[in-house]
Structures are given as C-alpha cells and as structure tokens.
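1. Build me a structure from this.
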Amino acid sequence: MRKPLAIGLSVLAFALAAAPSSAAPGEKRGGFGRATLTQFAALPAETYLPASEPSGAALGTAPINGITPPFADQPIQGFSGLVRNSDGTFDVLSDNGYGTKANSADFALRINRLGPDFARGTIDVLGGITLTDPAKHIPFALTRPDRVLTGADLDPESITRGADGTYWLGDEFGPYLLHFDRAGRLLAPPVALPGVFAPENPAGTPNLPSSKGFEGLTLSPDGRTLNALLEGTVAGDQPGSLRLNEFSLDDNRYTGKRWIYQLDSPDHAIGDAVAVDRNRLLVIERDSGQGATAKVKKIYLADKRDRDHDGNLDKTLVADLMNIANPRRVGGFGETFTFPFITIEDVVILDDRTLGVLNDNNFPSSSGRTPGKADNNEFITIKLTDSLR
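-> Numbering: from 1, shown residues only. As a prediction, the model looks like this:
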C-alpha cells in the first residue's frame, strides 16, 4: 500500500496575514506570493472502467483530439469535484459526460476513487460507485429503466461529504442539491434553489444560463450547513456576480442567507469552492482559454465578512495557476509550470500551506496541454507562500 499524503489540516480560524501585492480588477490587496509546484501525477485520457457499458455514441465517429468515439467502455474522466479520504486516496466526481444533455445519455454518473502515486507520477483508479435512484425520488422520467443516473438526467459538478459518510452533490440542470448514500443511492428528492431555473429545468422560466448551476459546494466546519456557489449570473443580477447560498442540513432547506462572489470579469467562471473556516473559502476562477489562449486560472481566498463593505466577498489571490514556480522541475516541466486547461474544477486543502488541484479534461474534447491531443487528468500539489491560518 502506498504511503498516504502527509495531511494535517487543523481548524483554520485565525486572521490571514499576507504580503502586499498589486491588485487585479475585483481583487483585494494583500495577495500571497508565487506558489511552488511540489508534486505531479497524471491519469491517461484513455482510461476506462473495465467491463462496463459502451459510451459516446452521440459524439459521432470522427476522431476528436486523436481519439475516435464511440467507446467500448465508460471513460474515467471529467473530474468536477473532489473529496479527500483519510488514507491518502480521493473520491472524484465525474460530471455529466460529454458536455450536454443531448450527447450524454449513455454516460453513467459515477464517483471514482483515485490513488495518486506522486513518486511515480501516476494515478490508480481503485474503484468507485455508480449513482442510482432505486427509491424513485426523482420526479421526472429517467433515461434508463434500471434508474442508473446518466448525463442526460443530471449534471453533477460539485461534491462534499458529511460526517455520516453520505455525499451531497451540486447539479447544474436544476440547479439541484442531491443527497446520496455511501453506495451511490439517492436518499431524497432533488432540492431546487428557490427562484432560480436552468434551461433544463421545466419547473419555471429559465433565468440562469445553461451549464451554470452549482459548480462549487462545500460543507461548513461544524457540519451543519452547505454553501452552494453558482457558476453563472442569475438574470437581473449585476454582470459577473455569483450567488453563494447557505443550506441547512438540519432543516433540509435554504436558510435565506446569501453572499455575492464577484468575478474579475463577467467572461470568467468559477471551477470549485472549498471551506477554509466558517467565514472563508477557496474559489477557483478561470477564463475559457486553453493552451496558448489560457490567461486567467487563479485560486482566491474569499471572505464572507466583507471588510470593505462593497457587498461582495473579499478576494485575496492565493495562487496563479498560470505562473507556478518549479525550481525542481517536477513532472519534467520547466522552471515555470502552468495549468493551461479550460476547466480546472477541483481544489482540496492538504495542510495550511498545501493545496491539491485537478483539471476536468472534458474527455475527449479539451487539449490544453498539447494541441490536438486529448488532455490527461492531471493532479498537482502546490505549496503556498503564506499560511491559510
């Protein structure tokens, strides 16, 4: 058995002390310095679940970044959420499949378990669970009669885990909150966000763009509330403003508390969110570029206390993923390491100065690392210049 990562995250409840830096639009002064790459591992793009079912029929038969669909088995891809386990493994959420409701009916939704071996630069797939609805909690018709959930039914993009071991997922088709047991069975009907409707939701007039639902979902340190962050702006809100909604696990309803995360540009999107303490969370903010066109891939520390009273979460730059120091040339890369992917949708706190970050490779569509070649799923760890305490 591999040695687990050294993880010792304590309760982070102290004020942040950071060195001064110049602030970008929407960013508060006092950002951290340049983060350093410490570990690198990758899962090949063409990694499939053995002896599973065919997938990708709606993608056609022409090669995409050198890979020809359809596929004989289910791809292990599209990591859109991450949960750390105590043994050095990680549970990762695969999103809806191939990007749309229309082309993902043969992609079974799944939580996979990964074991990164950073010494070798590889990642093992150690198992996982398929998401199902055997108790018929979902009120609309599903794609499969056996009630295995597919990318045509839901688009889960964020994940967290409660103290009881059950999973909460944030979806984009509702947007909904979804509660699953440890075997992947849905425990209750999807919980809709009051007054907000994606185009895929038949319950109301759409006021949220497609694929802009719950991209960030995090559990409070006391385990009693969820914070769910939309990826897109609700119609009528200020451009580039994203609602962060509080949900009570005790009452199984939204509390009515809401904060605003303001993007640096309305053209940006968020990729993930994870709680640091009861007031602060880390948020990935990105542009839509890849490879040579990728410019903005950042991790911010967002503070609910709004110390400047502008109505938005205060933002402090923690790491610029397009400018990571790599003096030891980890992974065989140069002294400046970049993470130039369209979608970077996973961040996890490993200790008070170390983060784990994964990309969503949008298999087989993204080619941010090498033009014309489908991206692998990359797992990096970075060391921050300042403590999160």
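
2. which ones are touching the residue nearest to Ser248 when sequence neighbours are not counted?
-> For Ser248, the nearest residue in space outside its immediate sequence neighbours is Thr255; the separation is 5.2 Å by C-beta to C-beta, 6 or more residues apart in numbering. Bear in mind the C-beta positions are built from the backbone N, C-alpha and C, glycine included. Shown here is Thr255, whose contacts under the criterion C-beta atoms under 8 Å, 6 or more residues apart in numbering are 225, 246-248.

3. what's the farthest-apart pair in the residues you listed?
-> Using C-beta to C-beta, the two most remote members of these are Glu246 and Ser248, lying 7.3 Å apart.

4. Next, show the common contact partners of these two.
-> A shared contact of Glu246 and Ser248, defined by C-beta under 8 Å, 6+ apart, is any residue touching both; here these are 225, 254-255.

5. between the residues you listed, which is closest to Arg353?
-> Using C-beta to C-beta, Thr225 comes nearest to Arg353 of the shared contacts of Glu246 and Ser248, at 26.3 Å.

6. Relative to Leu154, how far out is the closest one?
-> Spatial separation of Thr225 from Leu154 under the definition C-beta to C-beta, to the nearest Å is 23 Å.

7. could you list every residue that touches the residue nearest to Ala58 when sequence neighbours are not counted?
-> Closest residue in space to Ala58, ignoring its immediate chain neighbours: Asn103 at 3.9 Å, by C-beta to C-beta, 6+ apart. If you count contacts by C-beta under 8 Å, 6+ apart, Asn103 has them with 58-59, 97.

8. Repeat that for Leu249.
-> Going by C-beta under 8 Å, 6+ apart, Leu249 touches 162, 223-226.

9. In the sheet, which residues pair with Thr160? Tell me.
-> In this entry, Thr160 is beta-bridged to Trp168, by DSSP bridges.

10. low-scoring stretches of the protein, by residue?
-> 1-30 (pLDDT under 70).

11. hmm, back to that, can I get the shared contacts of Glu246 and Ser248 in CSV including distance to Tyr167?
-> CSV is the format used below for the shared contacts of Glu246 and Ser248 (distance: C-beta to C-beta, whole Å):
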residue, distance to Tyr167
Thr225, 16
Tyr254, 19
Thr255, 21
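
12. What about the residues you listed, which are in strands?
-> The strands, defined by DSSP state E, take in 225, 254-255 from those.

13. Looking at these, which is nearest Ile138?
-> Relative to Ile138, and with distances defined as C-beta to C-beta, the nearest of these is Tyr254, at 19.7 Å.

14. quick one: that closest one and Pro194 touch, right?
-> Yes - A contact is recorded between Tyr254 and Pro194 when judged using C-beta atoms under 8 Å, the distance being 6.4 Å.

15. more crowded one of those two?
-> A direct count of neighbours by other C-beta atoms under 10 Å for Tyr254 and Pro194 places Tyr254 higher, at 19 against 10.

16. Okay, the nearest residue to the more buried one once chain neighbours are set aside and Val83: tell me how far apart.
-> Distances taken as C-beta to C-beta, 6+ apart place Phe247 nearest to Tyr254, at 5.3 Å, with adjacent residues excluded. Taking C-beta to C-beta as the criterion, Phe247 is separated from Val83 by 18 Å.

17. These two - which one has more neighbours?
-> Phe247 (22 against 19).

18. wait, is that one part of a strand?
-> Yes - remark: Phe247 belongs to a strand, assigned using DSSP: H, G, I helix; E, B strand; the rest coil.

19. which residues pair with it across the strands?
-> In this structure, Phe247 has the following beta-bridge partners (DSSP bridges): Leu226, Tyr254.

20. check contacts around it.
-> Under the criterion of C-beta under 8 Å, 6+ apart, the neighbours of Phe247 are 177, 191, 225-228, 253-255.

21. Am I right that Ala292 is in a helix?
-> Yes - using three-state DSSP, the assignment for Ala292 is a helix.

22. where along the stretch 1-150 of the chain do the strands fall?
-> Remark: strands of the stretch 1-150 of the chain, listed N- to C-terminal, are 36-43, 48-49, 74-75, 79-84, 90-94, 110-117, 122-130; assignment by DSSP state E, counting those that start in this stretch.

23. And those strands: which comes nearest Asn207?
-> Scanning those with C-beta to C-beta as the criterion, the closest one proves to be strand 79-84, at 22.9 Å.

24. Dump the closest one to PDB, restricted to CA.
-> Below are the C-alpha coordinates for strand 79-84, written out as PDB (Å, rounded to 0.1, in the frame of the first residue of the first chain):
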ATOM      1  CA  PHE A  79     -13.400  15.300 -12.700                       C
ATOM      2  CA  SER A  80     -15.600  18.100 -11.400                       C
ATOM      3  CA  GLY A  81     -15.400  17.600  -7.700                       C
ATOM      4  CA  LEU A  82     -13.000  16.200  -5.100                       C
ATOM      5  CA  VAL A  83     -13.200  14.700  -1.600                       C
ATOM      6  CA  ARG A  84     -10.100  13.800   0.400                       C
END
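
25. Thr225 and Leu154: who's more crowded?
-> The residue with more neighbours, out of Thr225 and Leu154 and counting by other C-beta under 10 Å, is Leu154; that gives 27 against 21.

26. pretty sure the more buried one contacts Tyr176?
-> Yes - with contact defined as C-beta under 8 Å, Leu154 counts as touching Tyr176 (7.3 Å).

27. any common contacting residues for the two?
-> Residues touching both Leu154 and Tyr176 (C-beta under 8 Å, 6+ apart) are Pro190.

28. can you list the contacts of Phe247 in JSON lines and add distance to Phe79?
-> As requested, the contacts of Phe247 are arranged in JSON lines below (distance: C-beta to C-beta, whole Å):
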{"residue": "Leu177", "distance to Phe79": "20"}
{"residue": "Val191", "distance to Phe79": "24"}
{"residue": "Thr225", "distance to Phe79": "25"}
{"residue": "Leu226", "distance to Phe79": "20"}
{"residue": "Asn227", "distance to Phe79": "21"}
{"residue": "Ala228", "distance to Phe79": "19"}
{"residue": "Arg253", "distance to Phe79": "30"}
{"residue": "Tyr254", "distance to Phe79": "27"}
{"residue": "Thr255", "distance to Phe79": "30"}
